[in-house]
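Asks: With the input below, show me the fold.
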Amino acid sequence: MGDGKEGAGHFDIEAAILLTPTIVDIASSSSGKVLAPLLSSIPCLPLLASLLAGFLARVLPPGWLKMVVRTVMGRDTPDEAVMSTVSFLASQNGVRQSLEMAKDEMKEIGEDRWEAEVWGIVDAGREYLKNKAGVMREPAKLVFYFADKDHWVADQTREAIIETRGDTGSPGRVKMVVAKAGELEHGWCLRHNGLVAKRVNGWVEEIMEES
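Replies: Modelled structure (predicted):
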C-alpha cells in the first residue's frame, strides 16, 4: 500500500471461504424471480414495506408479533433468531435499507465479474500470477460451500459455476462443495452454525498447511 495514496484500495486475495455464495445471476434464483420484478416495477416498495413493518411492530402486542415472525420463519427457528428479527422489523430504517440493498444487488450481481487472477486462471500452465502491483504470487485458494437447495442461488447457476470454474486454472486452488440434501440452507446461521463452523475449521487448517 506504500504511503496509502498510490495503489490505495488494492489488495491481494490469498484465500477465501464462501458460504452459500451468491456471486452471479441472483435474479435467476427463486427469491430473485419474485423480488427483482417487484423492486423494479414498484420503486417505492422499500419505503412502503418499511412503513408497514413499523406500523405492525407498534400496534401488535409483542407476543403476537413474535408468533407471526416464528410462523413465517419456521416453528423450529431458535428464539434468538426470532427476537433478532422482531427487533429488526421494529428498527427505524432496517427494512428499507435491506430492500434498497436488495434492489442494488438485483442489478449488480449478474454476470461473472471476477478477474482471472481471483479464479487462479493462468496462461500456458504458469504456476504464479502477477497481481496489479506487478508482484508474482500464487493464485488464491478458494472454497465454495453451496446448499443443495438455496432460494438465492438457482440450481442451474450453481452447476454452471462448478462446471466453468471448479476445474479451471491451477489444480487444487478452487474447491467446490455441495451440501447433502437438507444439510444446509442459505441462512445457515439459524440452524446449521455448528456444522458450518466444523467445516470451515477444517478448510482453514487445510489452507494454513498448504501455505
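
Asks: what's the spacing between residue 41 and residue 165?
Replies: Counting by Cβ to Cβ, to the nearest Å, the separation of residue 41 from residue 165 is 33 Å. C-beta: built from backbone N, CA, C; applies to glycine.

Asks: Neighbour count: these two, which is higher?
Replies: residue 165 (20 against 8; other Cβ atoms under 10 Å).

Asks: Do you know the pLDDT at the more buried one?
Replies: Here, the pLDDT recorded for residue 165 equals 83.

Asks: do residue 2 as well
Replies: Turning to residue 2, the model gives it a pLDDT of 44.

Asks: Tell me which stretches of the chain form helices.
Replies: For the chain, the helices defined by DSSP state H cover 30-41, 45-59, 62-73, 79-90, 94-108, 116-119, 155-165, 193-210.

Asks: quick one, which of these is nearest to residue 183?
Replies: helix 193-210 (6.9 Å; Cβ to Cβ).

Asks: Packing partners of that closest one?
Replies: Applying 3 or more Cβ pairs under 8 Å, 6 or more residues apart in numbering; DSSP states H and E, one finds that helix 193-210 contacts strand 15-19, strand 141-146.

Asks: In terms of secondary structure, what does the last one contact?
Replies: Packed against strand 141-146 by the contact rule (3+ Cβ pairs under 8 Å, 6+ apart) you find strand 15-19, strand 174-178, helix 193-210.

Asks: so can I have JSON lines of these showing mean pLDDT and distance to residue 25?
Replies: JSON lines is the format used below for these (pLDDT from 0 to 100; distance: least, Cβ to Cβ, whole Å):
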{"stretch": "strand 15-19", "mean pLDDT": "93", "distance to residue 25": "15"}
{"stretch": "strand 174-178", "mean pLDDT": "90", "distance to residue 25": "16"}
{"stretch": "helix 193-210", "mean pLDDT": "92", "distance to residue 25": "24"}
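
Asks: Residue 89: which of those is closest?
Replies: helix 193-210 (22.2 Å).

Asks: Could I have the CA atoms of the closest one written out in PDB?
Replies: Extracted C-alpha coordinates of helix 193-210, given in PDB (Å, rounded to 0.1, in the frame of the first residue of the first chain):
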ATOM      1  CA  ASN A 193     -23.900 -22.900  12.600                       C
ATOM      2  CA  GLY A 194     -22.300 -25.900  14.300                       C
ATOM      3  CA  LEU A 195     -21.900 -27.800  11.100                       C
ATOM      4  CA  VAL A 196     -20.600 -24.800   9.200                       C
ATOM      5  CA  ALA A 197     -18.100 -24.000  12.000                       C
ATOM      6  CA  LYS A 198     -16.700 -27.500  11.800                       C
ATOM      7  CA  ARG A 199     -16.400 -27.500   8.100                       C
ATOM      8  CA  VAL A 200     -14.800 -24.000   8.000                       C
ATOM      9  CA  ASN A 201     -12.300 -25.000  10.700                       C
ATOM     10  CA  GLY A 202     -11.200 -28.000   8.600                       C
ATOM     11  CA  TRP A 203     -10.800 -25.900   5.500                       C
ATOM     12  CA  VAL A 204      -8.900 -23.200   7.300                       C
ATOM     13  CA  GLU A 205      -6.500 -25.800   8.600                       C
ATOM     14  CA  GLU A 206      -6.000 -27.200   5.100                       C
ATOM     15  CA  ILE A 207      -5.300 -23.700   3.800                       C
ATOM     16  CA  MET A 208      -2.800 -23.000   6.500                       C
ATOM     17  CA  GLU A 209      -1.000 -26.300   6.000                       C
ATOM     18  CA  GLU A 210      -0.700 -25.600   2.200                       C
END
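
Asks: Good, wrapping up.
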